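Colleague: Fold the stuff below for me.
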Amino acid sequence: MRFYLLIGAVSAVVTFGLAILVFRLSTKYRLYPKIRERDVHTRPTPRLGGVAMFAGVVIAVGIASQISWFHLVFMNPGPILAILGAALIVVLIGVADDIWDLDWVVKLAGQIIAALLLAWQGVQIVSLPIGGLTIGSSGASLFITVLAIVLVMNAINFIDGLDGLVAGVAIIANGTFFFYSYLLTKFTSPTDYFNMASLITAVLIGACIGFLPLNWHPARLFMGDAGSMLVGLLMATSAIAVTGQIDPGTLGRSQLLPAFMPILLPFAILILPLLDFGLAIIRRLRAGKSPFSADRKHLHHRLLDMGHSQLHAVFIFYGWTAVASVGCLLFFVLQPYWLAFVFLGVGMLVCTVLTLAPLTRRKALEATVQLAPAASLISTEGAVLDPLDQAGDQQKV
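Modeller: Below you'll find the model as predicted:
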């Protein structure tokens, strides 16, 4: 565990230092776009934070390759090099989009190329942990892998609209996933706790932690498409790498539910990004627009329209992510399972109340406003008063 913490710390420190450098250079040379109609921020802000995150990831992985404890991860360098190569592709595409606003077809093509590179080097879904089910053919495996990676990248990209949102959600979600992958490896291979999924997750958590101080509200630096697609790519890669590590055929009935965690947990930690992505696709197709056209109707925009502040909206996303991901993890570590159901139920109830709180306050205020004029028309002596005169008297007082 301490070596994972070390590598995560390296990623955090490098990302933080380079993020400051990127911010200063972007400010000096005005490397930031104009504010768009759908943007929430009110001043031009640099969007190249993803470059610092990518550098933190690369340097941390490079240092990990020199630690003997990770020798199994780097014994076959192909997958790791493919991950870094795919990350470089999406970062370059993202930087170009942040500067020149690329067409969505170009971005999608770059994402597909990155996913194909990963699949070509063996980072793909070959089997699913459902009774030892194996994907029917190499073509089907390739298609599902590319689809999953592109889906996650776009889902994360879609929620990147508030200060600190993606970085914080990624820290919570990947923190949960790290503990799961670590415990799963301990369960399936007790003699060697070091694996690619845990390493990539630890490095990603470190990069997000290092970037978050400059991205916290009010943000001085955005991760941009380069950062959000990098986060999505690495999250998808970790989930794919851990899939198939557990064979349900070796488990008893009491352990059957944990066998589905490689499938359930990635969906749990991405529940809000995937929901936002799905709603956006449906909404835009119904309007006859491209599914990748931008608008101001994402979930975080709706929270702001409900009356939440930026910080409140971000914390609500954090809460929902924590409840879904931690609740799902509890099914793997707790018995009996009803304790996990209790956590999920209570957590979802609390998050629902906090999410709908502005609507409740608004209804209460509207009811008060409707009653106030009627009450103000009658004085204590039964005389009818003019509300305007009464307002003038109050101002005089």
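Colleague: what about Trp338, how many neighbours?
Modeller: Trp338 has 10 neighbours, counted by other CB atoms under 10 Å. Any C-beta I mention is one placed from the backbone N, CA and C, and that applies to glycine too.
Colleague: again with Ala114
Modeller: Burial of Ala114 is recorded as 27 neighbouring residues (other CB under 10 Å).
Colleague: in the longest helix that the chain contains, what's buried?
Modeller: For the chain, the helix reaching the highest residue count under DSSP state H is reported as helix 338-376. Burial within helix 338-376, assessed by neighbour count using 16 or more other CB atoms under 10 Å, is assigned to Ala340, Phe343, Leu344, Gly347, Cys351, Thr355, Pro358.
Colleague: Make sure Gly49 is actually in contact with Asp225.
Modeller: No: Gly49 is beyond contact range of Asp225, at 10.7 Å (criterion: CB atoms under 8 Å).
Colleague: higher neighbour count, these two?
Modeller: Neighbour comparison, Gly49 and Asp225: the larger count goes to Gly49, with 30 against 24 (by other CB under 10 Å).
Colleague: Who are the contact partners of the more buried one?
Modeller: By CB atoms under 8 Å, 6 or more residues apart in numbering, Gly49 lies in contact with Ala19, Val22, Phe23, Phe211, Leu214, Asn215, Leu221, Phe222, Met223, Gly224, Ala226, Gly227.
Colleague: and with 6 Å instead?
Modeller: Counting by CB atoms under 6 Å, 6 or more residues apart in numbering, Gly49 makes contact with Ala19, Phe211, Leu221, Phe222, Met223, Gly227.
Colleague: again, but for Tyr32
Modeller: Here Tyr32 is in contact with Ser26, Pro44, Thr45, Pro46 (criterion: CB under 6 Å, 6+ apart).
Colleague: Could you identify the most distant pair in the residues you listed?
Modeller: Using CB to CB, the two most remote members of the contacts of Tyr32 are Ser26 and Pro44, lying 9.9 Å apart.
Colleague: Quick check: nearest residue in space to Trp216, chain neighbours excluded?
Modeller: Nearest residue to Trp216, sequence neighbours excluded (CB to CB, 6 or more residues apart in numbering): Gly164, at 4.8 Å.
Colleague: okay, the one you found: pLDDT?
Modeller: The score at Gly164 is 94. That number is its pLDDT.
Colleague: how many neighbours does it have?
Modeller: By other CB under 10 Å, 23 other residues sit near Gly164.
Colleague: That one and Gly62, how far apart?
Modeller: The gap separating Gly164 from Gly62 is 28 Å, by CB to CB, to the nearest Å.
Colleague: hey, where'd the helices end up in the stretch 151-300 of the chain?
Modeller: 165-188, 196-215, 224-242, 261-269, 271-286, 299-306 (DSSP state H, counting those that start in this stretch).
Colleague: May I see these organised as CSV, with distance to Gly85 added?
Modeller: Converted to CSV, the helices of the stretch 151-300 of the chain look like this (distance: least, CB to CB, whole Å):
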stretch, distance to Gly85
helix 165-188, 21
helix 196-215, 14
helix 224-242, 11
helix 261-269, 22
helix 271-286, 24
helix 299-306, 32
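Colleague: closest to Phe315 out of those?
Modeller: helix 165-188 (8.7 Å).
Colleague: relative to helix 196-215, how tilted is the closest one?
Modeller: Relative orientation of helix 165-188 and helix 196-215, computed by axes from the mean of the first three to the mean of the last three CA atoms, to 10 degrees: 160 degrees.
Colleague: tell me what helix 165-188 is packed against?
Modeller: If you count contacts as 3 or more CB pairs under 6 Å, 6 or more residues apart in numbering; DSSP states H and E, helix 165-188 packs onto helix 196-215, helix 224-242, helix 261-269, helix 310-333.
Colleague: Tell me the buried residues in the longest one?
Modeller: By neighbour count, with 16+ other CB under 10 Å as the criterion, the buried positions of helix 310-333 are 310, 312-332.
Colleague: how far off helix 338-376 does it point, in degrees?
Modeller: Using the same axes, to 10 degrees, helix 310-333 lies at 150 degrees relative to helix 338-376.
Colleague: Show me what helix 310-333 is packed against.
Modeller: helix 165-188, helix 261-269, helix 299-306, helix 338-376.
Colleague: Perfect, that will be all.
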